[in-house]
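Visitor: here is a sequence with its predicted model. Questions after.
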Amino acid sequence: MTKPILFLVAVAFCFSSCKQSAQSNSDGPDSLAIKAINDSSLTQYLSVIAADSLQGRKPFTIGETKTISYLKKSFDELGLEPGNGDSYFQEVPMVEIKSVPDQQMTITGQTGLVNLNYLTDFVAGSRRVQNQVSIKNSPLVFAGYGIVAPEYGWNDYKNLDVKGKTVVVMINDPGFADSTLFKGKNMTYYGRWTYKFEEASRQGAAGILIIHDTAPAAYPWSVVRSGWSKSKLTLQSEDNGMSRTVVEGWISLEKAKALFKLAGQDESLMVAAAKKQFKPVNLGLTTSLNIQNKTRKSVSYNVIAKITGSKYKDEAIIYSAHWDHLGTGEKILGDSIYNGAVDNATGVASLFEIASAFKKLDRKPGRSILFVSYTGEEQGLLGSEYYAKHPAFPLSKTVANINMDMMGIAGKTKDIVVYGYGQSEMEDYAAASAKKQGRVIVPDPVPSSGLYYRSDHFNLAKFGVPSLFTGSGVDNVKNGREWGLKQVADFTKSRYHSPQDNFDPKTWDLSGITEDVRMLFDMGFRISNEDTYPKWKDGSEFKAIREKK
């Protein structure tokens, strides 16, 4: 053949093979696999995971023992391999601290004092593994948002020595008050309570009190109260928590206003904190507090299962969902078991559904699929933090993470919410899979809640793994968008982190979860059969981390 003819043949062959490759990548999983994800099997899983018999699934309790045993049994019955070497379990060393502070904390000034009652007005604890800790006559300093963020030209601790002092800071970040700052209404990690405690420790403060305000916090005081009335868990550390502040806690907005008044200030101080020229204010007040600690060191467990890939078995896609909740605690409306049905029995049930779907495929995925159910999410994303530092697959070979937490229970929607919208190409995969269902992806309708930084995928994102976290849509097929938004608000107000988060097969409409999980399965299937890695988008704070690997 002449060279021109050879060239034409080569072009034709390339066009044919490229077209076949594109079709292969765009083709979805077979219908048998898709149908494995359904309301009936979801109901079966939920009825076990959210049952009273698991006692709220708190780590270090009989509830954990029962839960992780059920997870192992379910993964095994679905035909999955152990995901952590030859084990389904990954030990996560933790310390449990039951902190009991003085029942009253007094703020003292030159002209009087303000008394705060435990649980009603303040909560407090310590991460220090000591039987007793205390602060005595610690000066109070209002440090604005308590943020040091060089990339935003922000430093609330500039020229401030807080050694021996207790900082009082606001929740969220300045973007909540001024949309021209930080990422506007899209809360950054700097707005999270975990960050504020960490930064106060780095600055050497003796204590930190976060001012609770429902709107910027995105949850009511009752959530703070329920979480802090129980023992808290943290990862074990070599220094037994001695690098942390002596006291960590929250105060109500009402009492914060009262202490500002005692200091000769007013609410304008909090408004001023959202200005770049803000300088911290020594309030001329002091406080003392004693905390009795009961500590216990032990291990909790992440539960990990896998399907080994047929082509790139050393590369993994992670589907994740935390199994833990808050255990038993303060009785509310006659119930003291915090079952966490939505948060996060729905996510764990969805893990099983996706695992079942992958096992029903007529061929194995090209890449390995890892199913990880983390411990300690409710305690500060502890299980995922430990996993990110001790991964079953190298994070450089972890292609992507799809996280499931608090799936919707109000039926089908026309949309699906992507938290952290604009972060990575993972949302482009989500959009393509949603389009097959006649749906669209949309940004978080309440971006100030910062949900992208509040679930387990965040710890993998911090190490550069492109991570997707979705929430059920709000534009309900039957009842519209406003109705859907109301369901979210009602759940947050009345059931989130309370004993009222229970599974009710009579009132829950699982058709929405089913559709969402099918979408997440479809996009994972596509990624599993590609040979490229999803990327972070320009502007993402995680992009540079991935590119260094």
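Guide: Received it, and whenever you're ready, just let me know what you need.
Visitor: measure the closest residue to Ser455 other than its chain neighbours to Leu451 for me?
Guide: Distances taken as Cβ to Cβ, 6 or more residues apart in numbering place Asp405 nearest to Ser455, at 4.5 Å, with adjacent residues excluded. For every residue, glycine as well, the C-beta is placed using N, CA and C. Asp405 is 9 Å from Leu451, where distance means Cβ to Cβ, to the nearest Å.
Visitor: what's the overlap in contacts for those two?
Guide: Common neighbours of Asp405 and Leu451, using Cβ atoms under 8 Å, 6 or more residues apart in numbering, are Phe469.
Visitor: and those two? which has more neighbours close in?
Guide: Asp405 (25 against 20; other Cβ atoms under 10 Å).
Visitor: is the more buried one in contact with Asn344, as I believe?
Guide: Yes. If you go by Cβ atoms under 8 Å, Asp405 and Asn344 touch, sitting 5.1 Å apart.
Visitor: hey, what's in contact with both of those two?
Guide: Ala321, His322, Glu377.
Visitor: turn those residues into JSON lines, columns for secondary structure, neighbour count and distance to Lys35.
Guide: As requested, the shared contacts of Asp405 and Asn344 are exported to JSON lines (DSSP: H, G, I helix; E, B strand; the rest coil; neighbours: other Cβ atoms under 10 Å; distance: Cβ to Cβ, whole Å):
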{"residue": "Ala321", "secondary structure": "coil", "neighbour count": "27", "distance to Lys35": "21"}
{"residue": "His322", "secondary structure": "coil", "neighbour count": "28", "distance to Lys35": "27"}
{"residue": "Glu377", "secondary structure": "helix", "neighbour count": "28", "distance to Lys35": "30"}
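Visitor: which of these lies closest to Ile147?
Guide: Closest to Ile147 out of the shared contacts of Asp405 and Asn344 is Glu377 (23.8 Å), distances taken as Cβ to Cβ.
Visitor: now the closest one, nearest residue through space, not along the chain?
Guide: What sits nearest to Glu377 in space, not counting adjacent residues and going by Cβ to Cβ, 6+ apart, is His322, at 3.4 Å.
Visitor: for that neighbour, what are its contacts?
Guide: Contacts for His322 were tallied using Cβ under 8 Å, 6+ apart; they are 344, 347-348, 373-378, 383-384, 405, 455-456.
Visitor: among these, name the ones in helices.
Guide: Members of those lying in helices (criterion: DSSP state H): Gly347, Val348, Gly383, Ser384.
Visitor: where does this structure have low pLDDT?
Guide: Across the chain, the ranges flagged by pLDDT under 70 are 1-27, 549.
Visitor: how about the most centrally placed residue in it, phi and psi?
Guide: Among the residues of the chain, the one closest to the centroid is Ser455, at 1.1 Å (Cα atoms, centre = their mean). Main-chain torsions, Ser455, degrees, to the nearest 10: phi -140, psi 170.
Visitor: now it: how far from Ser53?
Guide: From Ser455 to Ser53 the distance is 26 Å (Cβ to Cβ).
Visitor: can you show me the strands along the stretch 101-250 of the chain?
Guide: All strands of the stretch 101-250 of the chain, identified by DSSP state E, counting those that start in this stretch, fall at 104-109, 112-117, 122-125, 132-142, 148-149, 154-155, 166-170, 207-211, 232-235, 247-251.
Visitor: highest mean neighbour count out of these?
Guide: Counting by mean count of other Cβ atoms under 10 Å, strand 166-170 has the highest mean neighbour count of those, with a mean of 27.
Visitor: how about residues contacting that strand?
Guide: Contact partners of strand 166-170, identified using Cβ under 8 Å, 6+ apart, comprise 135, 138-146, 156, 196, 200, 203, 205-211, 213, 216, 247, 251, 256, 259, 270, 273, 283, 287.
Visitor: quick one: list the elements packing against the host helix or strand of Ala430.
Guide: Using DSSP states H and E, Ala430 sits within helix 426-436. Under the contact definition 3 or more Cβ pairs under 8 Å, 6 or more residues apart in numbering; DSSP states H and E, helix 426-436 sits against strand 415-419, strand 440-443, strand 467-472, helix 511-528.
Visitor: can I get it as PDB, trimmed to CA atoms?
Guide: What follows is helix 426-436 as a C-alpha-only set of coordinates in PDB (Å, rounded to 0.1, in the frame of the first residue of the first chain):
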ATOM      1  CA  MET A 426     -15.700  14.800  40.400                       C
ATOM      2  CA  GLU A 427     -18.700  17.000  40.100                       C
ATOM      3  CA  ASP A 428     -18.400  16.700  36.300                       C
ATOM      4  CA  TYR A 429     -18.700  13.000  36.600                       C
ATOM      5  CA  ALA A 430     -21.700  13.500  38.900                       C
ATOM      6  CA  ALA A 431     -23.300  15.800  36.400                       C
ATOM      7  CA  ALA A 432     -23.000  13.300  33.600                       C
ATOM      8  CA  SER A 433     -24.500  10.500  35.700                       C
ATOM      9  CA  ALA A 434     -27.300  12.800  37.000                       C
ATOM     10  CA  LYS A 435     -28.100  13.800  33.400                       C
ATOM     11  CA  LYS A 436     -28.900  10.100  32.600                       C
END
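Visitor: please renumber so the chain begins at 42
Guide: In the new count, where the first residue is 42, that last one comes out as helix 467-477.
Visitor: who's in contact with that helix?
Guide: By Cβ under 8 Å, 6+ apart, the list of residues contacting helix 467-477 from outside reads 67, 69, 441, 443, 457, 459, 462, 481-482, 507-509, 511, 560-561, 563-564, 567-568, 575.
Visitor: same question for stretch 265-277.
Guide: For stretch 265-277, the external contacting residues (Cβ under 8 Å, 6+ apart) are 99-101, 133-140, 160, 164-166, 168, 253, 258, 282, 290-291, 335, 338, 341, 367-368, 370-371, 373, 379, 417, 419-421, 423, 426-427, 538-539.
Visitor: mind giving me the ChimeraX command for buried ones among these?
Guide: Those of the contacts of stretch 265-277 that count as buried under 16 or more other Cβ atoms under 10 Å are selected in ChimeraX with:
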select :99,100,101,133,135,136,137,138,140,164,165,166,168,253,258,282,290,291,341,367,368,370,379,417,419,420,421,423,426,427,538,539
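Visitor: so of the contacts of stretch 265-277, which ones are in helices?
Guide: Ala258, Leu423, Glu426, Tyr427.
Visitor: is Leu509 bridged to anything, and to what?
Guide: Ile443 (DSSP bridges).
Visitor: thought Ala441 was touching it, still the case?
Guide: Yes. Between Leu509 and Ala441 there is a contact under Cβ under 8 Å: 7.2 Å.
Visitor: got the buried residues for stretch 352-372?
Guide: So, applying 16+ other Cβ under 10 Å, buried residues of stretch 352-372: 353-354, 356-370.
Visitor: next: stretch 344-351.
Guide: Buried-residue list, stretch 344-351, by 16+ other Cβ under 10 Å: Val344, Ile345, Ala346, Lys347, Ile348, Thr349, Gly350.
Visitor: also stretch 120-137?
Guide: Leu121, Pro123, Gly124, Asn125, Tyr129, Phe130, Gln131, Val133, Met135, Val136, Glu137.
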